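> here is my input, please return the structure:
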Amino acid sequence: MPNALLVGLDRFPKKRLALYLDELQALAETVGLSVVGRLTQDQKLATAKTKFGSGKVEEMREAIATHAVDLIISNDELTGSQIRNLEDALDIRVIDRTLLILELFTRRAKTKEAMLQVEIAQLRYLLPRLNSMHASFGRQQGGIGSRGPGEKKIELDRRKIEAEIRTLRSALKLMVRVRQQNRRKRLKSGMKTVAVVGYTNAGKSTLVNTLIEHDEQGQDKQVVVKDQLFATLETASRRIELEHCPPFILTDTIGFISELPHDLVEAFKSTLEEIREADMLIHVIDYADPHYMNQIETTRHVLEELGAQSIETLYVFNKIDLAHDPLPHGLTPSVNVSLKTGAGLERFFQVLATMLSQDTVVVVYRIPYSDHAHLHSLKRHSELLSEKQEDSGTLCKVRIPVHLRHRFADYEV
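Prediction:
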């Protein structure tokens, strides 16, 4: 397992650098690196040439010899010339947080759309560093940061890389068009769309599986749950029917992290649009993490960048079996649960049903037996409260969205 040394400039308030280095270490370990040390420096001592002062560069050199370091990872984004200068001074491979996240995304991407999005982000990262990084990529000879575009594309000139980005974007647009068509179909159904958001590894996929388990349609296809960063890179939408709750479309989404590269957010915007188009958000929070407030802040920042900050949100504080602090003020409506033990789930379902039942009305319809298609449609788009078979047809009492009531006006009792 290659050894990595983490380095970072202290440019954050309230000693937040330690949090970011913890995340950087988790990212490094996720891609198979062993972190053997950390070095930090006050931002006031930063230099344009290598990002870090000469004294800190010398400390890096000593740590490399002492701990047999194979790779330097900077928490701060580096320019191409800074990477080249550091590698010349240390004779070792150097990458930054952005390139490490791109490496992880490359490994996680499974669908064609996700692969295209990651490759676009990689090429956008590479483009302004092209001239300075020839030596860097010549030195790497495989390993972290060598996946994706790779050496072949490094050898292309700037014009060809820009052309390739345009080609990839054109291919991505075709896939986005299909996604948009599917989204329009869901909108036509009249059901509300609920997107699950939150910090990476907070428990979003576990919450999605919990909802699937309680789905009255008897779905058995659950999403994969792994205790690792960015286990989910693709959005997945499915129809959910819960007891005492109007049916809705549930969408699982990619997790967020501090300092998420802007190029990555930009490349994944077509996927993240599912969040912006949602009627409601479920924000899952790892309540047991001592830095959960910082994670909430990061998630809110990304939502603002997407234009989704005003969407009605239910805050779900997960892992209450591991935490005992009172819930923070100002985050309402909220529930505290343990998705592992099931504690608090009844309250969660109640609040979710209440929020989804807004703008609904209880109506009684009598559907003739000959109109079984309308009966099926009514049940699909509403919450069935009671059903009775009569001589003239089926009498249904349902809770239905106000804007869908007119669809079945001919059958209203």
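
> ok, which stretches of the stretch 1-150 of the chain are helices?
With helices called from DSSP state H, counting those that start in this stretch, the stretch 1-150 of the chain shows them at 17-30, 54-67, 80-90, 97-108, 112-126, 134-140, 150-154.

> quick one: closest of the ones you listed to residue 268.
helix 112-126 (5.1 Å; Cβ to Cβ). For every residue, glycine as well, the C-beta is placed using N, CA and C.

> what helices and strands are in contact with that closest one?
Packing contacts for helix 112-126, counted by 3 or more Cβ pairs under 8 Å, 6 or more residues apart in numbering; DSSP states H and E, involve helix 97-108, helix 150-154, helix 158-189, helix 262-267, helix 269-276.

> hey, C-alpha coordinates of that helix in PDB?
Extracted C-alpha coordinates of helix 112-126, given in PDB (Å, rounded to 0.1, in the frame of the first residue of the first chain):
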ATOM      1  CA  LYS A 112     -22.000   5.900 -19.100                       C
ATOM      2  CA  GLU A 113     -23.400   9.300 -18.000                       C
ATOM      3  CA  ALA A 114     -21.300   9.300 -14.800                       C
ATOM      4  CA  MET A 115     -18.200   8.300 -16.700                       C
ATOM      5  CA  LEU A 116     -18.700  11.200 -19.200                       C
ATOM      6  CA  GLN A 117     -19.300  13.700 -16.400                       C
ATOM      7  CA  VAL A 118     -16.100  12.700 -14.500                       C
ATOM      8  CA  GLU A 119     -14.000  12.800 -17.700                       C
ATOM      9  CA  ILE A 120     -15.300  16.300 -18.500                       C
ATOM     10  CA  ALA A 121     -14.300  17.400 -15.000                       C
ATOM     11  CA  GLN A 122     -10.900  15.800 -15.400                       C
ATOM     12  CA  LEU A 123     -10.200  17.600 -18.600                       C
ATOM     13  CA  ARG A 124     -11.400  20.900 -17.300                       C
ATOM     14  CA  TYR A 125      -9.000  20.500 -14.400                       C
ATOM     15  CA  LEU A 126      -6.200  19.600 -16.700                       C
END
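
> chain center to it: distance?
How far helix 112-126 lies from its chain's middle: 16 Å, per Cα atoms, centre = their mean, to the nearest Å.

> please apply the same query to stretch 90-102.
23 Å.

> just the buried residues of it, please?
Buried residues in stretch 90-102, counting neighbours by 16 or more other Cβ atoms under 10 Å, are found at 90, 92-102.

> what lies in contact with that stretch?
With contact meaning Cβ atoms under 8 Å, 6 or more residues apart in numbering, stretch 90-102 is reached by 24, 27-28, 31, 57, 60-61, 64, 69-78, 83, 86-87, 103, 118, 121-122, 125, 136, 139-140, 143-145, 148, 257, 259-261, 263-264.

> correct me, but residue 276 touches residue 309?
No. With contact defined as Cβ atoms under 8 Å, residue 276 does not reach residue 309; the gap is 9.9 Å.

> which residue packs closest to residue 121, ignoring adjacent ones?
Distances taken as Cβ to Cβ, 6 or more residues apart in numbering put residue 267 closest to residue 121, at 4.0 Å, once the chain neighbours are dropped.

> relative to residue 362, how far out is that neighbour?
45 Å (Cβ to Cβ, to the nearest Å).

> these two - which one has more neighbours?
residue 267 (28 against 12; other Cβ atoms under 10 Å).

> wait, the more buried one touches residue 124, no?
Yes. With contact defined as Cβ under 8 Å, residue 267 reaches residue 124; the gap is 7.1 Å.

> identify the contacts common to those two.
By Cβ under 8 Å, 6+ apart, residue 267 and residue 124 have no common neighbours.

> contacts for stretch 17-33 next, please.
1-4, 6, 8-12, 35, 38, 40, 71, 73, 75, 97, 100-101, 103-104, 107, 144, 228-230, 257-259, 291, 294.

> again, 7 Å this time
1-2, 4, 6, 8, 10, 12, 35, 38, 40, 71, 73, 75, 97, 100-101, 103-104, 107, 144, 228-229, 257-259, 291, 294 (Cβ atoms under 7 Å, 6 or more residues apart in numbering).

> convert the C-alpha atoms of it to CSV, please.
The C-alpha trace of stretch 17-33 is given here as CSV (Å, rounded to 0.1, in the frame of the first residue of the first chain):
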residue,chain,number,x,y,z
LEU,A,17,-8.2,22.6,8.9
ALA,A,18,-8.1,19.5,11.1
LEU,A,19,-11.6,18.6,9.9
TYR,A,20,-10.6,19.0,6.2
LEU,A,21,-7.4,16.9,6.8
ASP,A,22,-9.5,14.2,8.4
GLU,A,23,-11.7,14.2,5.3
LEU,A,24,-8.6,14.2,3.0
GLN,A,25,-7.2,11.2,4.9
ALA,A,26,-10.6,9.4,4.5
LEU,A,27,-10.5,10.1,0.8
ALA,A,28,-6.9,8.9,0.5
GLU,A,29,-7.6,5.6,2.4
THR,A,30,-10.7,5.0,0.2
VAL,A,31,-8.5,4.9,-2.9
GLY,A,32,-6.0,2.5,-1.1
LEU,A,33,-3.4,4.9,0.3
